[in-house]
Structures are given as structure tokens and as C-alpha cells.
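J.: this is a predicted model, with the sequence first.
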Amino acid sequence: MNKPFSIHCLPWETTSGGIRVMYGLLGWMLAKGQIALPNVTYDTDFIGIYPEIVHGNPLKAKKVVRYILQKPGLATMYGQPGPTKFDPTDILIYFSRVYAPDDVKDEDILFLPICNLHIFKDYGRKRDKTCYLVGKGLNTNIHPKDSILIDRTFANDQKKLADLLNECHTMYSYDPVTAMFEVARLCGTKVITTPTRYPVFDVDLTKYEPGLNGINSELDTQAFRKHYIGMIKTFEERLDKFIERMEND
């Protein structure tokens, strides 16, 4: 019998990419026929999967997997920074190579695409606006004065966000890396990034799985959408290998 999984999920928050990824992982596990529940302790040996922000092993799992969604120690949970070191017995998997050591194997990179492809797409509308995102960055006002701020009003209403992006030819981002890069490009909006005032958030975008199509360059929307769909297939293949590994360990 396969060992069950307990996946540590924080309360749902539409604007949190990390939370969405953990729930997405839970959904994929269930789709693969695995026994998987959020935040439970089973009465048998089980595998606990935690985002890197969680200290220790609160679910009391026999085997611990750390899903590194951000640079360890940067994100906080209830005001407490996450750990910067993990138990040597923990199994580490990484959301992206931008957060992983150079020698990490491809099979340990589980980039989970979470964008809604039914909503975030190019509607073929006239584009005569610009918008901007602050996120983890600092607004230094390099965006055009008439740009529209993408705030929580848009982040909590995906259709409203998609409608805005379909009216914009450019999104200016003060956040160095965010799923909004993919949301924008799926909608046909190119992205202009700015140097962050917080060096701790700096990442090497050349390692970023979604690629640089449309980031500080012209955007080929169809090519990006095809690449994004391909990343879903890659994730599924790597997840199959991860599950097999968990079964055999």
C-alpha cells in the first residue's frame, strides 16, 4: 500500500502564489490517485510535504519533504521568518532553479504552473493602456503616470485582472519574480522589470523556467502559451517520478 501524503497548506489566499502552489500540488496528488490530505496526521507512516516557510515537523510525519518555493528565510508565516537550514534527513525539492543550488538534478525541480489558462489568454482587444505591479518590490515611479495599479482588487478577481491585462500592452513590475509575469504574458501583455531596491530578492531570471519571452523584450504570445502548456507536461512527468521515488524509499 502506498504511503499517504499530508500536505501543509495555509488558509487559502488568492494573492499568495506559494499557497496556491501547495493546494495545486494537493490537487495533482489526488489526480494521480494518491492518498493526500491537507494538514492531517495519519495513524500510520506517512509523508509530510512542507513549504520552506514551516519550522520543524508539526504534522509529525515519518518522512519529511521540503518544497522550496522561495529563498529560505525570506518569507514569513504569522510574522515569523522561515528557517534557513533543514534537517539532514529532509528531502528537498525546488519550485524553480532560481532558488536551487546549481548542482540540483532536473527531477528535483517541480515548477508547478498555476495560472488559469481558460481566463488568462489573449482576447484580441485594443491595447492602449499600461499597468504596474509593486508586489515584493519598491515603487520607484518609473512607470507612466497614467498606468493602472494592479492591487488586491484585481488580484482577487481573476476575470477583472484578465480584462485589464487585455487592454494593456505593457505591465511594469517592481517585483523581481512573480507568477504575475506568466499571467500578463498569457494575456498578451509584455513585462518590463526594474532593479529591485531589496537585493535580497534578486534572482537570475535566465534560470526561470517560464523563460524570458516578453520580459524586457517583445512578446510572442502564442509561443509563450505553448511553452507554458509544455511546462505543465514537464511538471506531470517529474511528479510521477517523485511519487515513484517516495514509494520506493
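T.: Nice, thanks for sending it over.

J.: so where is this structure shaky, pLDDT-wise?
T.: For the chain, the stretches with pLDDT under 70 are 1, 196-201.

J.: helices of that one, residue ranges please.
T.: Ranges of helices in the chain, per DSSP state H, are 17-31, 152-155, 158-165, 180-186, 221-248.

J.: okay, these in CSV with mean neighbour count and distance to Thr41 next?
T.: The way it works is simple: take the backbone N, C-alpha and C, and place the C-beta from them, glycine included. Formatted as CSV, the helices of the chain follow (neighbours: other Cβ atoms under 10 Å; distance: least, Cβ to Cβ, whole Å):
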stretch, mean neighbour count, distance to Thr41
helix 17-31, 18, 16
helix 152-155, 14, 33
helix 158-165, 18, 34
helix 180-186, 25, 35
helix 221-248, 14, 18
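
J.: can you list these in JSON lines and add distance to Arg127?
T.: Below are the helices of the chain laid out as JSON lines (distance: least, Cβ to Cβ, whole Å):
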{"stretch": "helix 17-31", "distance to Arg127": "25"}
{"stretch": "helix 152-155", "distance to Arg127": "17"}
{"stretch": "helix 158-165", "distance to Arg127": "9"}
{"stretch": "helix 180-186", "distance to Arg127": "12"}
{"stretch": "helix 221-248", "distance to Arg127": "11"}
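
J.: residues contacting the residue lying closest to Phe111 once chain neighbours are set aside?
T.: Leaving aside its chain neighbours, Phe111 sits nearest to Glu209 (4.3 Å; criterion: Cβ to Cβ, 6 or more residues apart in numbering). Residues in contact with Glu209 (Cβ atoms under 8 Å, 6 or more residues apart in numbering) are Ser96, Arg97, Ile109, Phe111, Met231.

J.: which one of the residues you listed is nearest to Lys3?
T.: Nearest to Lys3 out of these is Ile109 (Cβ to Cβ; 22.9 Å).
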